[in-house]
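Trainee: Sequence unavailable; structure follows:
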């Protein structure tokens, strides 16, 4: 966490840092390296099957632009698109020991 900086989030077209909303730190892409390759682990195929059922040939480009490190608190939210072609945020959670709380994905208007 010491190598990270406060992680802002988009709100009304501004970057905001608010620990009452989420306790998070970040590393920009220039500050870290990883050998994790989202295309080689099959995630793109799952995204295509689950999100683009009728448009399976549509290209998907995954771009890592930062690493967020979450501390103990995170309110439900909708991500602010960072580019006009962005249609979702991909969150990859690696197995990490923790106590309390759980990650929940909420899909609005899902029956």
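Mentor: Sure thing, it's come through. No experiment lies behind these values; they were computed from the predicted model shown.

Trainee: Doesn't residue 64 lie inside a strand?
Mentor: No. Assigned with DSSP: H, G, I helix; E, B strand; the rest coil, residue 64 falls outside any strand and is coil.

Trainee: now the residue nearest in space to the middle of the chain: how far from residue 98?
Mentor: The chain has residue 91 as the residue nearest its centroid, 3.6 Å off, counting by C-alpha atoms, centre = their mean. When distance is defined by C-beta to C-beta, to the nearest Å, residue 91 is 15 Å away from residue 98. Every C-beta, even on glycine, is put in place using the N, C-alpha and C of the backbone.

Trainee: before we move on, what about residue 64?
Mentor: Going from residue 64 to residue 98 by C-beta to C-beta gives 23 Å.

Trainee: Phi, psi for residue 47 please.
Mentor: phi -60, psi -50 (degrees, to the nearest 10).

Trainee: residues contacting it?
Mentor: Contacts for residue 47 (C-beta atoms under 8 Å, 6 or more residues apart in numbering) come out as 60, 88, 90.

Trainee: Helices of the chain, residue ranges please.
Mentor: Counting by DSSP state H, the chain forms helices over residues 43-51, given from the N-terminal end onward.

Trainee: And residue 64 and residue 98? Which one has more around it.
Mentor: Neighbour tally, residue 64 and residue 98, criterion other C-beta atoms under 10 Å: the higher count belongs to residue 64, 13 against 10.

Trainee: ok now do the more buried one, which residues does it touch?
Mentor: When the contact criterion is C-beta under 8 Å, 6+ apart, the partners of residue 64 are 29, 34, 38.

Trainee: What's the per-residue pLDDT of the first one here?
Mentor: Predicted confidence (pLDDT) at residue 29: the value is 88.

Trainee: Now it. Nearest residue, chain neighbours left out?
Mentor: The spatial neighbour of residue 29 that comes closest, neighbours along the chain excluded (C-beta to C-beta, 6 or more residues apart in numbering), is residue 65 at 5.7 Å.

Trainee: And the one you found, its phi and psi?
Mentor: Note on residue 65: its backbone torsions stand at phi -120, psi -10 [degrees, to the nearest 10].
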